[in-house]
Each structure stands twice: as structure tokens, then as C-alpha cells.
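Q: one predicted model, sequence on top.
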Amino acid sequence: MTTALRIGELSQATGIGHETIRYYEKTGLLPAPTRCGNGYRTYGTSHLERLAFIRHCRALDMPLADIKRLLEWVDHPTSHCADIDRLIDAQLSRVRARLNSMQALEQQLTVLRSQCNDRHSQECGAGSLASSDQPE
């Protein structure tokens with residue numbers, strides 16, 4: 001089943017602004033949508049999925065050039081993928097580092113929250129962040 005979305009609906013579904021969606025179309029990150037007789041763009045499920053991928057990559061500060069290389073490979077896979085493998089490995093390393101950082105923050109916040117269970121405590125959270133052994 002193909003979903004027909006207008007740009008506003010696509011924007012709302014992905015959290016990506018209209019102008020950014022148009023920019024992604026212009027730069028080739030997003031395939032051109034079909035046009036209705038009235039000229040409106042109509043987007044499908046593949047656009048939605050691709051934008052979700054782009055949004056996740058951007059949330060991890062992945063450069064648009066790297067995202068474009070990955071998407072080009074997805075669109076036209078070749079047997080020679082050593083460059084893509086290196087790019088994916090580098091991005092996986094960044095994702096794993098971000099996950100480790102987020103887990104360390106989760107632990108710190110959990111400790112802080114446990115110290116704040118008593119609302120009347122004057123020492124709520126005192127000293128709980130100083131013991132972090134995770135790099136920033």
C-alpha cells in the first residue's frame with residue numbers, strides 16, 4: 001500500500017521542515033515526488049522512510065555528504081563497496097560512542113534522581129556528578 005502525503009503531512013510526520021525537504025530534493029538526497037494535476041507534490045512511504053533515515057543521521061551530526069554517499073549506494077549497490085564499508089564503520093563507531101555517552105548520562109541522572117526522592121532533603125544530588133569516570 002502506497003501512502004500519498006503532501007509536503008505538510010510529510011513535514012509533520014518526520015519533524016523536518018518544508019524548506020529542508022525541498023532542499024533534500026534539490027540536492028538529490030530525496031527523490032523527486034510525483035506531482036498531482038494541480039502541481040502539488042505527493043510523497044510516498046519510501047520518502048517517509050528515507051527522511052527518517054536522514055533525520056537520524058543528522059541527529060548524530062553526520063555530514064550531508066556522507067548521508068548522500070550512503071543513500072547513493074543504497075540506490076545503486078555495487079560489488080565494490082570498500083569505501084562504503086569504511087564510511088559505515090566510521091559512523092557505527094560514532095553511534096556507539098554516542099550510545100556510551102548517553103548511557104553514562106542515564107546513570108548519572110538515575111543516581112541524581114534517587115538522591116532526590118525525599119523532596120525535603122537539603123542535599124538533593126549533592127556531589128553525585130563528581131564521581132563520573134566517563135569522558136565527555
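A: Yep, it's here.

Q: quick one: low-confidence parts of the chain?
A: Confidence mapping of the chain against pLDDT under 70 gives the ranges 1-2, 79, 118-136.

Q: and it, what are its domains?
A: Structural domains annotated on the chain: 1-61, 78-136, as defined by automatic domain parsing.

Q: nearest to residue 71, out of the ones you listed?
A: domain 1-61 (6.2 Å; C-beta to C-beta). Any C-beta I mention is one placed from the backbone N, CA and C, and that applies to glycine too.

Q: follow-up on the earlier one: which of the domains of the chain has the highest mean neighbour count?
A: domain 1-61 (a mean of 14; mean count of other C-beta atoms under 10 Å).

Q: state the phi and psi torsions of residue 35.
A: Dihedral angles of residue 35 (phi, psi; degrees, to the nearest 10) stand at phi -120, psi 140.

Q: can you tell me which residues contact it?
A: Taking C-beta atoms under 8 Å, 6 or more residues apart in numbering, we find residue 35 in contact with 41-42.

Q: do residue 15 as well
A: residue 55.

Q: how close does it sit to residue 55?
A: 7 Å (C-beta to C-beta, to the nearest Å).

Q: for the domains of the chain, give me CSV that also has distance to residue 70.
A: Listed next are those as CSV, based on distance: least, C-beta to C-beta, whole Å:
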stretch, distance to residue 70
domain 1-61, 8
domain 78-136, 7
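
Q: just checking, what packs against the longest helix seen in the chain?
A: Secondary structure assigned by DSSP state H gives helix 82-115 as the longest helix of the chain. Identification of packing neighbours for helix 82-115 by 3 or more C-beta pairs under 8 Å, 6 or more residues apart in numbering; DSSP states H and E yields helix 64-75.
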